[in-house]
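Engineer: Model the structure of this input:
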Amino acid sequence: MKFSNKDLCSLFFSEIFPGKSTCNSCKKVYKEGCGYTNLMHHLLKKRPDYLQLVEAAFRKGNRLGLSLPDQRTNEIFRWIKWCVVERMSVRFCERHLVRKNAKMDPIAAATLSKYIHLLYGYNRDVISAKLPDRFVIELNGWTSGVRYFVVILAVYNDPSVVGPAQRNPNCGESIQCMSRRFVSLAFSPLGDKENLGAQGLYELIFDILATFNKSWSSVLFMFGDNCFVNQSIGRKAGALSFIGCASHQFQLAVNDFLSDNEALM
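Structural biologist: Here you go, the predicted model:
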């Protein structure tokens, strides 16, 4: 594994103020100068086994409990982020201009695809372990061009996320939900028209729950827009109780209130 001088010094030294750091072992203070030369010289003199120590720190986590990835691991994650955030094909990493101008070492499309799937599997397992036995799901969907997207969120109370200091004074108390977690279970594009109906969405929810080792019995109820598809799912035998969006009810009330002035509108 290759580590930069910056990575090494972040493990063995603590910055006491800009330009000066103290050794975590002997507590001696060193000036950093324009780089890490003084600090690295101290490591070579006092800690000749620093490479072995940093290997152990990498595997167990550093003194702050944070893992320190090596350079290649960091680059692979940056390739994944580039691919996902910019919605690129995995084969984009093999384009000549991309490889010529990218600061990271090159990566093959097959390798990038492999690590994307590994990262997905890791996140799936983490979410599965953290989901409680009972939770609520929220459905939302929208159309972009010819693609229809559906997002499924798991919502549950988690007292550990309560933090009054994090509340935004510019937002209403009722919409901050500081004691709840909203976890994305799926963000799925549905391209086939036959999948846009209630049965298609019903099967999608079932498949997503199974992905996280959950069943219908784990879901207390679901909420979302008062569209016919969601209402149909809520009416299915043995399915989920459905709570419609309050804004839809408000819109109906507004329409009724303004009905006498329809000519002016």
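
Engineer: Return the per-residue confidence for Leu209.
Structural biologist: If you check Leu209, the pLDDT there is 90.

Engineer: residues near the residue nearest to it when sequence neighbours are not counted, how many?
Structural biologist: Nearest in space to Leu209, with sequence neighbours left out and distances taken as Cβ to Cβ, 6 or more residues apart in numbering, is Ser215 at 6.2 Å. (C-beta placed from N, C-alpha, C; glycine too.) Applying other Cβ atoms under 10 Å, we find 9 residues neighbouring Ser215.

Engineer: isn't Trp142 right next to Phe149, touching?
Structural biologist: Yes. Using Cβ atoms under 8 Å, Trp142 is in contact with Phe149, at 5.9 Å.

Engineer: The two - which one has more neighbours?
Structural biologist: Neighbour totals were compared for Trp142 and Phe149, and Phe149 leads with 14 against 10 (other Cβ under 10 Å).

Engineer: Now do whichever helix in the chain runs longest: everything it contacts.
Structural biologist: In the chain, taking DSSP state H as the definition, the longest helix is helix 109-130. Here helix 109-130 makes contact (Cβ atoms under 8 Å, 6 or more residues apart in numbering) with 76, 79-80, 83-84, 90-91, 93-94, 154, 183, 185, 211-214.

Engineer: Next SSE downstream of that helix?
Structural biologist: Next helix or strand after helix 109-130 toward the C-terminus (DSSP states H and E): strand 135-144.

Engineer: residues in contact with that following strand?
Structural biologist: For strand 135-144, contacts defined as Cβ under 8 Å, 6+ apart pick out 148-156, 182, 185, 201, 205, 218-225, 230, 240.

Engineer: go again using 7 Å as the cut-off
Structural biologist: Contacts to strand 135-144, defined as Cβ atoms under 7 Å, 6 or more residues apart in numbering, come from residues 148-156, 218-224, 230.

Engineer: Please apply the same query to stretch 183-192.
Structural biologist: Contacts of stretch 183-192 (Cβ under 7 Å, 6+ apart): 127, 147-154, 196, 200, 204, 208, 212.

Engineer: Where strands are concerned, which of those count?
Structural biologist: Counted as lying in strands by DSSP state E, out of the contacts of stretch 183-192, are 147-154.

Engineer: Buried by neighbour count, from those: which ones?
Structural biologist: Using 16 or more other Cβ atoms under 10 Å as the burial test, these include 148, 150, 152-154 as buried.

Engineer: Can you redo those as TSV, where the extra columns are pLDDT?
Structural biologist: Below are these laid out as TSV (pLDDT from 0 to 100):
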residue	pLDDT
Tyr148	78
Val150	83
Ile152	89
Leu153	90
Ala154	91
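
Engineer: Which members of those are the farthest-apart pair?
Structural biologist: Within these, Tyr148 and Ala154 form the most distant pair, 21.3 Å apart (Cβ to Cβ).

Engineer: Mind splitting the protein into its structural domains?
Structural biologist: What automatic domain parsing lists as the domains of the chain is 5-60, 71-128, 134-255.

Engineer: Torsion angles phi and psi at Tyr36?
Structural biologist: Note on Tyr36: backbone dihedrals following degrees, to the nearest 10 are phi -120, psi 20.

Engineer: returning to that earlier point: just send the ones in strands among the contacts of stretch 183-192 back as a markdown table, with distance to Tyr115 too.
Structural biologist: Below are the ones in strands among the contacts of stretch 183-192 laid out as a markdown table (distance: Cβ to Cβ, whole Å):
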| residue | distance to Tyr115 |
| --- | --- |
| Arg147 | 26 |
| Tyr148 | 29 |
| Phe149 | 25 |
| Val150 | 26 |
| Val151 | 24 |
| Ile152 | 25 |
| Leu153 | 26 |
| Ala154 | 25 |
